[in-house]
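Q: Sequence and predicted structure, then a few things I'm wondering about:
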Amino acid sequence: QLQLVEFGGGLVQPGGSLRLSCAASGFTLDYFAIGWFRQAPGKEREGVSCISSSGGSTNYADSVKGRFTISRDNAKSTVYLQMNSLKPEDTAIYYCAANLYCDDRDFHSWGQGTQVTVSS
């Protein structure tokens, strides 16, 4: 059974950077697209970015385009989210989850989340 765990959250000042990691165990990551999602207090969960199983296709929410970069290393069973030029509105719990394709609806194997706080 695929299990995902997120790492790398923390407190950062506006304009700073963080790199989140989504580490997989229990099943090979090669078969799965991986999506990053976030949920801020009092708001619904939203999709941030997704990467196909091969890494050849990526997509981003408009709010993070040009600032966030998703990548993957299947040999390390890990997907990364490099977040630059962070803004206070990026503050949220960030989750990763798996699917066969980024365009499919039913993501599964949700991690426990990692908190990102952008504040001066």
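A: Yes, it's here.

Q: for the residue of the chain most remote from its centre, what are its contacts?
A: Ranking residues of the chain by C-alpha distance from their mean position (Cα atoms, centre = their mean) puts residue 120 at the top, at 23.2 Å. By Cβ atoms under 8 Å, 6 or more residues apart in numbering, the contact set of residue 120 is 13-14. Glycine gets a C-beta too; all of them are placed from N, C-alpha and C.

Q: Next, find the distance separating it from residue 59.
A: Residue 120 sits 31 Å away from residue 59, taking Cβ to Cβ, to the nearest Å as the criterion.

Q: Taking the centroid of the chain, which residue is nearest it?
A: Using Cα atoms, centre = their mean, the most central residue of the chain is residue 36, at 2.8 Å.

Q: Spatially nearest residue to that one, not counting backbone neighbours?
A: With Cβ to Cβ, 6 or more residues apart in numbering as the measure, residue 48 is the residue that lies nearest to residue 36, at 4.4 Å, once sequence neighbours are left out.

Q: Surely that neighbour is within a strand?
A: Yes - assessed with DSSP: H, G, I helix; E, B strand; the rest coil, residue 48 lies in a strand.

Q: Apart from its neighbours in sequence, what residue is nearest residue 107?
A: Once its chain neighbours are removed from consideration, residue 107 has its nearest residue in residue 97; the separation is 3.8 Å (Cβ to Cβ, 6+ apart).

Q: Kindly report the same for residue 30.
A: Residue 30's closest residue in space is residue 74 (Cβ to Cβ, 6+ apart), at 5.0 Å.
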